[in-house]
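S.K.: below are the sequence and a predicted model for it; my questions follow.
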Amino acid sequence: ILADEPTGALDSRATAELLRLFREINDEGQTILMVTHSITAASHAKRVLFIKDGAVYHQLYRASMSTAAMYQKISDTLTLIATGGARK
């Protein structure tokens, strides 16, 4: 599934439902490629790629992190990227 900013025009309840459905579909083996600027949406992913100047600049893997921990890790990474760090 290719999802380009799928939560951009949704309210918080619809966003939560869509992300729940994506999780369910992904757990059944379907790959989902989601492009988003939403930390909330990205925090539900198993893997997050950060693109800068047209190239993969950094990536995170969820492993056993909770959604809240993943949210914080994404937020911290965006701060590092904005200040010139986090290249990996």
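M.R.: The structure has been received and is ready for your questions. Numbering: from 1, shown residues only.
S.K.: ranges for the helices of the chain?
M.R.: With DSSP state H, the ranges of helices along the chain come out as 12-27, 39-42, 67-82.
S.K.: which stretch among those is buried most, on average?
M.R.: Counting by mean count of other C-beta atoms under 10 Å, helix 39-42 has the highest mean neighbour count of the helices of the chain, with a mean of 18. C-betas here are computed from N, CA, C, even on glycine.
S.K.: any idea of the mean pLDDT for that one?
M.R.: For helix 39-42, mean pLDDT rounds to 97.
S.K.: figure out how far it is from the centre of its chain.
M.R.: Computed by C-alpha atoms, centre = their mean, to the nearest Å, the separation of helix 39-42 from the middle of its chain amounts to 5 Å.
S.K.: list the helices and strands that helix packs on?
M.R.: helix 12-27, helix 67-82 (3 or more C-beta pairs under 8 Å, 6 or more residues apart in numbering; DSSP states H and E).
S.K.: low pLDDT regions in the protein?
M.R.: For the chain, the stretches flagged by pLDDT under 70 are 86-88.
S.K.: endpoint to endpoint, stretch 5-16 covers what distance?
M.R.: 14 Å (C-alpha to C-alpha, to the nearest Å).
S.K.: just give me how far stretch 14-25 sits from the chain centre.
M.R.: Offset of stretch 14-25 from its chain centre (C-alpha atoms, centre = their mean): 13 Å.
S.K.: also stretch 19-29?
M.R.: Distance, stretch centre to chain centre, for stretch 19-29: 14 Å (C-alpha atoms, centre = their mean).
S.K.: and stretch 59-74, by the same measure?
M.R.: With C-alpha atoms, centre = their mean, you get 9 Å for stretch 59-74.
S.K.: using PDB, list the CA coordinates for that stretch.
M.R.: Output in PDB follows, covering the C-alpha atoms of stretch 59-74 (Å, rounded to 0.1, in the frame of the first residue of the first chain):
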ATOM      1  CA  GLN A  59      16.400   5.700   9.800                       C
ATOM      2  CA  LEU A  60      14.800   4.300  13.000                       C
ATOM      3  CA  TYR A  61      13.600   0.800  13.700                       C
ATOM      4  CA  ARG A  62      10.800   0.400  16.300                       C
ATOM      5  CA  ALA A  63      12.000  -3.000  17.700                       C
ATOM      6  CA  SER A  64      10.200  -3.200  21.100                       C
ATOM      7  CA  MET A  65       9.500   0.500  21.500                       C
ATOM      8  CA  SER A  66       6.100   1.600  22.500                       C
ATOM      9  CA  THR A  67       4.300   4.100  20.300                       C
ATOM     10  CA  ALA A  68       5.000   6.900  22.800                       C
ATOM     11  CA  ALA A  69       8.700   6.000  22.900                       C
ATOM     12  CA  MET A  70       8.800   5.900  19.100                       C
ATOM     13  CA  TYR A  71       7.100   9.300  19.000                       C
ATOM     14  CA  GLN A  72       9.800  10.700  21.300                       C
ATOM     15  CA  LYS A  73      12.600   9.100  19.300                       C
ATOM     16  CA  ILE A  74      11.300  10.600  16.100                       C
END
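S.K.: brilliant, that's me finished.
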